[in-house]
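Colleague: Sequence plus predicted model, see below.
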Amino acid sequence: MRYRMHAMGTSLEGSTEDILQVVGELHAVPFDQGVPRVYTILKLDERRDRPDQTLADKVRSVEERLSGDDSRGQTP
């Protein structure tokens, strides 16, 4: 599974099944250390029409749109 840490959290890249398993394991760590309450926020973004799209592809798309160099002929 690939991941990218950033200022507002961590993005995980993989199958939904794998991501949910990892998040469940990570959520349990503080409990295992004696913390009585854990608050986890999870957002899922899944595109089944583009299963091979990566985090890098998504970032590149935004950067292209912001620069006005969108190869699909669209402007921001």
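Modeller: Perfect, I can see it now. It should be emphasised that the depicted structure is a prediction, and the values quoted were computed from it without experimental measurement. Numbering: from 1, shown residues only.
Colleague: Give the rounded mean pLDDT of stretch 4-24.
Modeller: Taken as a whole, stretch 4-24 has a mean pLDDT of 94.
Colleague: Could you do stretch 40-54 as well?
Modeller: 92.
Colleague: what about it, start to end distance?
Modeller: Separation of the first and last residues of stretch 40-54 by C-alpha to C-alpha, to the nearest Å is 24 Å.
Colleague: got the CA positions of the lengthiest helix in the chain in CSV?
Modeller: Assignment by DSSP state H gives helix 16-32 as the longest helix of the chain. Output of helix 16-32 as CSV, limited to C-alpha atoms (Å, rounded to 0.1, in the frame of the first residue of the first chain):
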residue,chain,number,x,y,z
THR,A,16,-10.8,-0.3,-0.3
GLU,A,17,-10.5,-3.6,1.6
ASP,A,18,-6.8,-3.1,2.3
ILE,A,19,-7.3,0.5,3.4
LEU,A,20,-10.1,-0.4,5.8
GLN,A,21,-8.0,-3.1,7.3
VAL,A,22,-5.0,-0.8,7.9
VAL,A,23,-7.2,2.0,9.3
GLY,A,24,-8.8,-0.5,11.7
GLU,A,25,-5.4,-1.6,12.9
LEU,A,26,-4.2,2.0,13.3
HIS,A,27,-7.3,3.0,15.2
ALA,A,28,-6.7,0.2,17.7
VAL,A,29,-3.1,1.2,18.5
PRO,A,30,-4.0,3.9,21.1
PHE,A,31,-6.5,1.6,22.8
ASP,A,32,-3.7,-1.0,23.1
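Colleague: I'd like the next helix or strand past that helix.
Modeller: Helices and strands here follow DSSP states H and E; after helix 16-32, the next one along the chain is helix 55-67.
Colleague: Does anything pack onto that next one? Which helices or strands?
Modeller: Counting contacts by 3 or more C-beta pairs under 8 Å, 6 or more residues apart in numbering; DSSP states H and E, helix 55-67 is packed against no other helix or strand. Glycine gets a C-beta too; all of them are placed from N, C-alpha and C.
Colleague: Next, the buried residues of it.
Modeller: Using 16 or more other C-beta atoms under 10 Å as the test for burial, helix 55-67 gives no buried residues.
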